[in-house]
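K.L.:
using only what follows, build the 3D model:
(one chain, ligands or ions: 2)
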Amino acid sequence: MVEDNKEIFCSLFEKNITREGADKLLEWILSTDFFTAPASTKFHSAYEGGLCQHSLNVYNRLKGLVELEFGENWSEQVSMETLTIVALLHDVCKANTYKVDIRNVKVDGEWVQQPYYTVSDSLPYGHGEKSVYIINGFMRLTREEAMAINWHMGGFDLRVKAGSYSISDAFYTYKLCPLLHTADMLATYLDEKR
Ligand SMILES: [Fe+2]
Ligand SMILES: [Fe+2]
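P.N.:
Ligands and ions are numbered 1, 2, ... in the order given. Here you go, the predicted structure:
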């Protein structure tokens, strides 16, 4: 499954994202653990390849939502390139962020060693803002793409939890923000298992 998803991800990326620097960005992604990483330590898709699977789930959900919102000519409102960028890359911040550790757990009265995922962030820059930072190092994002990726966590974003109101202005101004956030929620809670 890891290899199949990697192929799907790369072909969508290469077919739909053609702006300057995209090839270098994909090269970088291929040099990381993006395709084998989990989507989280334990919350959703915490298995090998979970991050890539989640990104593809968000892509499919976002395509459905954009069509629902804008109709069959949706690509006049949101280009295929923009849709692919925000969906496939919103969680690129999670590349090189998890590692496998071992812990002792009791099974039937016996202590056994069990692997588990833990966070080891080599670039502690936040979450959505970190994805934007990484992508911008290789290719330019439009304002709307940057906004959607930056605020994709919606009300779960730590900045929002701390009291920031910027997200509400961003959500009202850029339709792609609530659409990507909703796609992320649907993928996480309806398409994926804990
Ligand atoms: Fe995320
Ligand atoms: Fe996500």
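K.L.:
would you mind naming what in this structure lies close to ligand 2?
P.N.:
Taking Cβ under 5 Å from the ion as the contact definition, the chain meets ligand 2 at 91, 184. For glycine as for every other residue, the C-beta is placed from the backbone atoms N, C-alpha and C.
K.L.:
going along the chain, name the helices of the chain.
P.N.:
Along the chain, the stretches classed as helices by DSSP state H are 2-16, 22-31, 50-70, 80-89, 128-136, 143-150, 158-161, 166-173, 176-186.
K.L.:
what's the third one in contact with?
P.N.:
With Cβ atoms under 8 Å, 6 or more residues apart in numbering as the test, helix 50-70 has contacts from 1-2, 5-6, 8-9, 12, 34-35, 37-40, 44-45, 74, 76-78, 83-84, 86-91, 94-95, 175, 179-180, 182-184, 186-188, 191-192.
K.L.:
rerun that using 6 Å as the cut-off
P.N.:
5, 9, 35, 37-39, 45, 74, 77-78, 83, 87-88, 94, 179, 183-184, 186-187, 191 (Cβ atoms under 6 Å, 6 or more residues apart in numbering).
K.L.:
how distant is that helix from the center of its chain?
P.N.:
Distance of helix 50-70 from its chain centroid, counting by Cα atoms, centre = their mean, to the nearest Å, is 10 Å.
K.L.:
and the last one, by the same measure?
P.N.:
Using Cα atoms, centre = their mean, we find the averaged C-alpha position of helix 176-186 to lie 11 Å away from the chain's own average C-alpha position.
K.L.:
now do it, average pLDDT.
P.N.:
Helix 176-186 shows a mean pLDDT of 98.
K.L.:
which helices and strands sit right next to that helix?
P.N.:
Helices and strands touching helix 176-186, as assessed by 3 or more Cβ pairs under 6 Å, 6 or more residues apart in numbering; DSSP states H and E, comprise helix 50-70, helix 143-150, helix 166-173.
K.L.:
swap the cut-off to 10 Å and go again
P.N.:
Packing partners of helix 176-186 (3 or more Cβ pairs under 10 Å, 6 or more residues apart in numbering; DSSP states H and E): helix 50-70, helix 80-89, helix 143-150, helix 166-173.
K.L.:
doesn't V119 make contact with C93?
P.N.:
No: C93 is beyond contact range of V119, at 11.7 Å (criterion: Cβ atoms under 10 Å).
K.L.:
the two: which is more packed in?
P.N.:
Taking other Cβ atoms under 10 Å, C93 and V119 do not tie; C93 has more neighbours (22 against 11).
K.L.:
how about the more buried one, what does it touch?
P.N.:
Residues counted as contacts of C93 (Cβ atoms under 10 Å, 6 or more residues apart in numbering) are 121, 123, 125-135, 149.
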